[in-house]
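> After the sequence you'll find the predicted model.
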Number of protein chains: 2
Amino acid sequence: MRQIAGDVGVQAGALYNYIPDKQTLLFNLMRDHMEEVLEAWDAEPRPENDPLAELEAFARFHVRFHLERREAVFIAYMELRNLEADNLSDILALRKAYETALIDILVRAKDAGLIATSNPKVAAFAVIAMLTGVQTWFRDAGGLSREAVEDIYWEMTLGAVGKVD
Amino acid sequence: MRQIAGDVGVQAGALYNYIPDKQTLLFNLMRDHMEEVLEAWDAEPRPENDPLAELEAFARFHVRFHLERREAVFIAYMELRNLEADNLSDILALRKAYETALIDILVRAKDAGLIATSNPKVAAFAVIAMLTGVQTWFRDAGGLSREAVEDIYWEMTLGAVGKVD
DNA sequence: GTCTATACCCCGATAGAC
DNA sequence: GTCTATCGGGGTATAGAC
């Protein structure tokens, strides 16, 4: 709290004019982050009734968003263990809503015979883990552009869920 | 430190007969964990000069090992930020050695024309992130056996790296 | 080798003047 | 609304008796 106060140019005590306590501050940060993810995906342009195109939109969106907000994504994961039980439940519900969006796409793609995945739910968890991992190694100074990385991850996503040729 | 001491049945001060300080304890735990991963993979039975079979061995080994040591894997990742610079370098070098084992398999598979991945290094990072993610959701009480989960992740790994039919 | 006791420091949060 | 000052508690680590 003293470090945050220093960064915004006040003494630690002054922070308590704006927040009741540290736990609430952390919870609000994480809730806002998750809601921004959900709203951004909601607003992401994509076709309807075209599961493979929706899957491509999701994969590219997820990679792009997670590279744009590396620190927030890192915190949203690492600080889960510092949330009190009730707050954790709320955040996990938001995460589940995001996961469900991908599961829904995969189920529709499978029903349409476009992909062969044997388990859409597990596939969704695996794909999200794979895509999220990009933030652990990607650096703009490296040899790959963000677009090139999006291409690679989309290609891998499509293969992982068992595209039917 | 007081909690550790309580769990092993001594007072906090007595711990310092065994370790110089807390940082050294954390570093030793994480180094031991990484060395155990490397040694276990080294000892894992697998064919030689058969990149696809080696890839299957790696995928199944990684899933199995990470389900057997969920807590250790979790700590090895979450506590990275609490390592001092020199210690962090040592641990990251061990992680890199493990990643390199997979990159090597993928490069040989690609050179042999068995997989189509456009970037073996990125593919290796993506595959490891995907496989490691299993520990965030898998529970023995769920509907899937560990073997069934291994099967799914191996199938997805093969697709992700672009198996050539 | 373990104990009790404690030094020293940092934390979140509050009190009360301005 | 911000400040200074401080409370109460917890942290790692050490001192010294046994």
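Happy to help now that I have it. Residues are numbered from 1 along each chain as shown, chains lettered A, B, ... in the order given.

> Give the buried residues for the helix or strand bottoming out on mean pLDDT in chain A.
Every helix and strand of chain A was ranked by mean pLDDT, DSSP states H and E. The lowest is helix A:70-78, at a mean of 93. Neighbour-count burial for helix A:70-78 flags A:72-73, A:76-77 (criterion: 16 or more other C-beta atoms under 10 Å in any protein chain shown). C-beta here means a position set from N, CA and C on the backbone, and glycine is covered the same way.

> can I assume A:Ile152 is in contact with B:Val122?
Yes: here A:Ile152 reaches B:Val122: they are 5.3 Å apart, a contact under C-beta atoms under 8 Å.

> Who has more neighbours out of the two?
B:Val122 (21 against 18; other C-beta atoms under 10 Å in any protein chain shown).

> Does the more buried one lie in a helix or a strand, and which?
helix B:120-132 (DSSP states H and E).

> same question, A:Leu38
Going by DSSP H and E, A:Leu38 is in helix A:22-43.

> Return the residues of chain A in contact with DNA strand D.
Counting by C-beta under 7 Å from any atom of the strand, the residues of chain A lying close to DNA strand D are A:5, A:9-14, A:17-18.

> Among those, which lie within helices?
The helices, defined by DSSP state H, take in A:Ala5 from the residues of chain A next to DNA strand D.

> now the buried residues of helix A:70-78 as TSV including distance to DNA strand C?
Below are these laid out as TSV (distance: C-beta to the nearest atom of the strand, whole Å):
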residue	distance to DNA strand C
A:Ala72	19
A:Val73	22
A:Ala76	18
A:Tyr77	19
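
> Of those residues, just say which sits nearest to chain B.
Chain B has its nearest neighbour among the buried residues of helix A:70-78 in A:Tyr77, at 9.1 Å by C-beta to the nearest C-beta.

> Any figure for the gap between that closest one and A:Arg95?
10 Å (C-beta to C-beta, to the nearest Å).

> Repeat that for A:Asp32.
For A:Asp32 relative to A:Arg95 (C-beta to C-beta), the value is 14 Å.

> the more surrounded of these two?
Neighbours were counted for A:Asp32 and for A:Arg95 using other C-beta under 10 Å; A:Arg95 has more, 17 against 11.
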